[in-house]
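need a structure here:
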Amino acid sequence: MHDKPHRPPDGSPESRIRLVRGRRVILSHDIAELYGVPSKRLNQQVRRNAARFPADFMFRLTAREAADLRSQNATSSPAWGGARYVPLAFTEQGVAMLSGVLTSKRAIRVNIAIMRAFVKVRELLAAHRDLALRIDELEKKYDGRFAAVFQALRQPPPGRVR
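Numbering: from 1, shown residues only. Sure thing, here's the model as predicted:
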């Protein structure tokens with residue numbers, strides 16, 4: 001019996017976490033959609049509480065980063081805001097800070113789900129790192145006699161990007 005790799009359901013908080021500038025973040029339009037509020041309202045609350053969001057909690061994407069993410073997702077949906085607005089990117093700490101800004105019951109539930117998603121992503125990355133270390137140890141132990149096997153184990157599954 002083979003276990004399939006974990007794939008979060010589309011629309012889940014976990015599926016919306018992206019890697020930008022070497023940080024795991026969730027974009028403002030994704031958060032707004034999950035919270036059930038317009039992006040404009042989320043952005044207003046963030047602006048009104050700017051002191052809560054230092055650069056390591058939240059940053060605005062550059063136009064280039066936004067374009068790259070749009071092309072990766074093959075979308076130009078209104079959620080991306082078109083040319084008039086570049087999304088904000090919230091780190092795990094920024095999402096935690098949002099809990100003090102948006103306080104509806106739904107926002108609280110979604111915030112908890114997003115925080116759990118960040119934890120799950122960290123756990124998955126740690127598990128993959130441990131597996132990679134074990135493969136390295138096995139390769140050293142067997143003097144490269146199985147080099148092709150070890151090389152194949154290091155390759156990402158088809159259709160997945162590292």
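
which stretches of the chain form helices?
Secondary structure of the chain (DSSP state H): helices at 28-35, 39-48, 63-72, 92-98, 105-141, 147-154.

V86: which of these is closest?
helix 63-72 (4.7 Å; Cβ to Cβ). To be clear about C-beta, it is placed using only N, CA and C from the backbone, and glycine gets the same treatment.

how close does M97 sit to K120?
20 Å (Cβ to Cβ, to the nearest Å).

out of these two, which sits in the busier spot?
Between M97 and K120, counted using other Cβ atoms under 10 Å, M97 has the larger neighbour count: 19 against 15.

that older thread, least reliable of the helices of the chain going by mean pLDDT?
Of all those, helix 147-154 carries the lowest average pLDDT, namely a mean of 66.

if we can go back for a sec, please tabulate the helices of the chain in CSV, including the columns distance to P13.
Compiled in CSV, those are given as follows (distance: least, Cβ to Cβ, whole Å):
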stretch, distance to P13
helix 28-35, 6
helix 39-48, 15
helix 63-72, 17
helix 92-98, 9
helix 105-141, 4
helix 147-154, 29
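
Please name whichever of the ones you listed is nearest to R21.
Short answer: helix 63-72, nearest of the helices of the chain by Cβ to Cβ, at 7.8 Å.

Quick check: buried residues in the closest one?
Neighbour-count burial for helix 63-72 flags 65-66, 69-70 (criterion: 16 or more other Cβ atoms under 10 Å).

Same question for stretch 117-129.
Of all the residues in stretch 117-129, those buried under the rule 16+ other Cβ under 10 Å are 117-118, 121.
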